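Chemist: structure, please.
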Amino acid sequence: MTPQHGVGAAGSGGRRATSVADRVRTVDHIGIAVPSVADAAELFADVLGGRFLSGGDNDATGIRLLHLALGRFKIELLQPLRDDSIVSPFLAGQGPGFHHLTLFVDDLPRTVDALEANGYVPTGTNTASPRWSETFLPPRSTFGALLQFTSTTARWDVPALDYGLRDVLAGRVVWRDHIACLRSAD
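Modeler: Numbering: from 1, shown residues only. Reported below is the predicted structural model:
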């Protein structure tokens with residue numbers, strides 16, 4: 001029986017020549033889709049003690065993001081800001097909950113090659129920015145979990161100094177070129 005999608009490769013005592021595992025540096029965070037980041041922050045920050053890292057509005061995708069450190073792990077809360085946001089269909093179909101798992105990799109093009117060599121079809125690959133390059137494996141091929149593979153030159157575990165949680169919740173922070181910054185007063 002020939003292993004498909006890596007099944008049996010680890011159990012056989014050998015590793016595939018093109019291993020995705022060789023590319024993965026760390027699991028960075030889980031994403032949780034919520035109707036309100038402010039309401040979710042009450043649980044994850046106030047009750048559970050999540051420490052604010054960063055956040056802001058992504059006007060291109062129509063979502064507000066909030067990154068919290070919870071112990072040695074990170075959580076990303078995603079709220080749709082409009083009906084055509086990338087999170088709106090997910091919330092409408094499945095309700096709030098687990099949205100994705102993000103893995104940091106050392107080299108995105110080589111990761112894409114390794115995924116394809118193992119029979120997976122990445123989607124949404126974007127390597128335009130060294131600060132944040134990404135590709136995805138859709139839930140239909142990963143047992144229901146959207147997997148995001150990211151290569152980055154930035155540190156995402158350091159708290160923002162120029163703004164805080166209240167600024168994010170009030171919509172005063174926006175993502176520009178993969179950098180969260182205060183919106184300019186127009």
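Chemist: flag the shaky bits of the chain, pLDDT-wise.
Modeler: Applying pLDDT under 70 to the chain picks out residues 1-17, 185-186.
Chemist: show me where it has strands.
Modeler: Taking DSSP state E as the criterion, the chain contains strands spanning 24-33, 51-58, 63-70, 73-80, 97-105, 123-126, 133-137, 146-151, 173-176, 179-182.
Chemist: tell me the angle the third one makes with strand 73-80.
Modeler: Yep, that's strand 63-70 we're talking about. Orientation note: strand 63-70 sits at an angle of 160 degrees relative to strand 73-80 (axes from the mean of the first three to the mean of the last three CA atoms, to 10 degrees).
Chemist: now do the buried residues in strand 63-70.
Modeler: By 16 or more other CB atoms under 10 Å, the buried positions in strand 63-70 come out as 63-69. Glycine gets a C-beta too; all of them are placed from N, C-alpha and C.
Chemist: how about the CA coordinates for it, as PDB?
Modeler: Output in PDB follows, covering the C-alpha atoms of strand 63-70 (Å, rounded to 0.1, in the frame of the first residue of the first chain):
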ATOM      1  CA  ILE A  63     -11.700  41.900   9.400                       C
ATOM      2  CA  ARG A  64     -10.600  43.200  12.800                       C
ATOM      3  CA  LEU A  65      -7.800  41.100  14.400                       C
ATOM      4  CA  LEU A  66      -6.700  40.900  17.900                       C
ATOM      5  CA  HIS A  67      -3.500  38.900  18.900                       C
ATOM      6  CA  LEU A  68      -3.200  37.800  22.500                       C
ATOM      7  CA  ALA A  69      -0.500  35.700  24.200                       C
ATOM      8  CA  LEU A  70      -2.000  33.100  26.500                       C
END
